[in-house]
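Engineer: I'd like to go over a predicted model; first the sequence, then the structure.
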Amino acid sequence: MSELKRTPLRDFHAVNGARLVDFAGWEMPVQYRSILEEHKAVRRTAGLFDVSHMGEVDVKGPDALRYLNHLVTNDVARLFPGRVLYSPMCYPNGGVVDDLLVYMRAPEDYFLCINAGNIDKDVAWLHEQAKGFNVAVTDRSEDYALIAVQGPAAAAIVQSLTGAKLDRIGYYHFAEGTVAGVHCIISRTGYTGEDGFELYHAAGDAVTLTEAVVKAGAAHGLELTGLGARDSLRLEAGYPLYGHEITADISPLTAGLGWTVKLDKGIDFIGRDALAAEKKNGAPSKVVYFKTGDRRIVRADAPVLGADGTPAGKVLSGTLSPIFNEAIGSALVASASATGPLSVDIRGTPIHLQLVKPPFVPLKKASS
Amino acid sequence: MSSVPSDLRYAKSHEWLKPAGDGTATVGITDYAQNSLGDITYVQLPKVGATLTAGQVYGVVESVKAASDLYSPVAGTVVEVNSALDSAPETVNGSPYEGGWMIKLKLADPAAVSALLDSVAYGKLIG
């Protein structure tokens, strides 16, 4: 068995009682105290997540904009320095290589945040596609640590540690500044549906920064929060997770992410033809979100049944919403069945899936 | 460290059993088991009157992580179930040996209890 990779905060987690598990080859905290309680803390006060396993890539050079707009489905030309963009990055057939954040630091100077489990694949893809473009693509994943401070109290906590004026950083904007004496990219983004910040910083500063945030957060009810809560928070917020709602076989259109696919951005990006055809002809299947009114968790890969119990698809993600105390999830179902009725069998009991337009919770965004 | 009360008997499947002395016994899952499962979100229990053999699956406990079967440590008839767990399954996490009990059995053979592990043997099992 290969050695698990560790973030600079691995020992911090262990000392703080984390349950450490293998997540995409990384030894990561799935929970500290209780997934359900950590989830509620983020909705009520604030949580601190170590997401240093995520990958970072620099993209610099005269062709950086044209290159990125060729790679991703959203329109990178809309960015200006200090602005962040969410986008899928597709294969020619419209399947998803990864979903990522694009940061524009300056003209010809961009920065990408990519999923931990996809770093090697993405970096190879990014290099392969760079042929013919005057760009330098550099994997910086080892250099950066990343913590996320999320929840209604996040802004007050981070503000107490920085001279940067956080009220001037809108949702999906960022600024460079010092937090607790540590140089950071202060990004008003997150994966929870709450207001909050993601702080990119040098790996060597991770413990200093994290301990300062924990100390400043104590008076605000900040809790250490693990990847278990991160997953249930993102599902309540209706955010896709690569490998579940979007995959090499599930396109952004199928996943309901049509707003991220800019067919008319004026550049022939990878996957454009396939996505244009899917938009025109319709997809054979569709990602839907559901709740059940029952506490029994509807788990990933469970078969979904349509009317008369015929196979209609499968569950992609499922958890118990700690806020609503009922099972919620997502499923990939045949388009013909996507309006229901749909059900899942749990130990002999048919559980009806009530279709919900995500998010399940109102998203809190700082004004931008 | 998991709590292993000395007045209970244990099964290798991480259930505990507490004889009442009147031919009945209370059954639940151990502190070690609840801690391994993590946040418990649902407990499915049998109907009163169900007859169980030793080792038979009598219910299911679900956590955020997974659903796991519950095994009866001994043979008996279910005389009571902890219906409070329907709405508060997390009680099993907070109080596995008291409020988080699962079923009460009328024992088919009270002597069978002595074949179960004592707290020292169970403590060794979970290391």
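Structural biologist: Noted; the coordinates are in hand. Residues are numbered from 1 along each chain as shown, chains lettered A, B, ... in the order given.

Engineer: can we go C-alpha only for contacts and neighbour counts from here?
Structural biologist: OK.

Engineer: What strand or helix carries A:K279?
Structural biologist: Assessed by DSSP states H and E, A:K279 sits inside helix A:272-281.

Engineer: Pop out the phi and psi values for the residue of the stretch 1-150 of chain A at minimum distance from chain B.
Structural biologist: Using C-alpha to the nearest C-alpha, the single residue of the stretch 1-150 of chain A nearest to chain B is A:S34, 6.1 Å away. Main-chain dihedrals, A:S34, degrees, to the nearest 10: phi -170, psi 130.

Engineer: near chain B, which residues of the stretch 151-300 of chain A?
Structural biologist: A:R295, A:R296, A:I297 (C-alpha under 8 Å from any C-alpha of the partner chain).

Engineer: is it true that the second one lies in a strand?
Structural biologist: No. Secondary structure assignment (DSSP: H, G, I helix; E, B strand; the rest coil) places A:R296 in coil, not in a strand.

Engineer: Test for you: state the pLDDT assigned to it.
Structural biologist: A:R296 is assigned 97 on the pLDDT scale.

Engineer: need the contact list for residue 62.
Structural biologist: Just going to use chain A. Listed by C-alpha atoms under 8 Å, 6 or more residues apart in numbering or on different chains, the contact set of A:P62 reads A:E108, A:N134, A:V135.

Engineer: The intended chain is chain B.
Structural biologist: A:R296, A:I297, B:I40, B:T41, B:Y42, B:V43, B:S68.

Engineer: what's the spacing between A:Y103 and A:A77?
Structural biologist: According to C-alpha to C-alpha, to the nearest Å, A:Y103 and A:A77 sit 12 Å apart.

Engineer: cool, and B:T41?
Structural biologist: Noted for B:T41: a distance of 46 Å to A:A77, by C-alpha to C-alpha.

Engineer: Those two - which one has more neighbours?
Structural biologist: Comparing B:T41 with A:A77 by neighbour count (other C-alpha atoms under 10 Å in any protein chain shown), the higher total belongs to B:T41, at 31 against 12.

Engineer: Mind jotting down where the helices sit in the chain?
Structural biologist: By default, I'm working from chain A. A:10-15, A:35-44, A:64-71, A:119-129, A:154-159, A:206-217, A:227-236, A:272-281 (DSSP state H).

Engineer: Oops, wrong one, chain B.
Structural biologist: For chain B, the helices defined by DSSP H cover B:31-37, B:91-94, B:119-125.

Engineer: Which secondary structure elements does the second one sit against?
Structural biologist: It stands for helix B:91-94. helix B:31-37 (3 or more C-alpha pairs under 8 Å, 6 or more residues apart in numbering or on different chains; DSSP states H and E).

Engineer: ok, is the helix it packs on in contact with chain A or not?
Structural biologist: No. Applying C-alpha under 8 Å from any C-alpha, one finds helix B:31-37 separated from chain A by no less than 10.0 Å.

Engineer: now what about that helix, what contacts it?
Structural biologist: Contacts to helix B:31-37, defined as C-alpha under 8 Å, 6+ apart, come from residues B:2-4, B:14-15, B:40, B:63, B:65-66, B:92-93, B:96-97, B:126.
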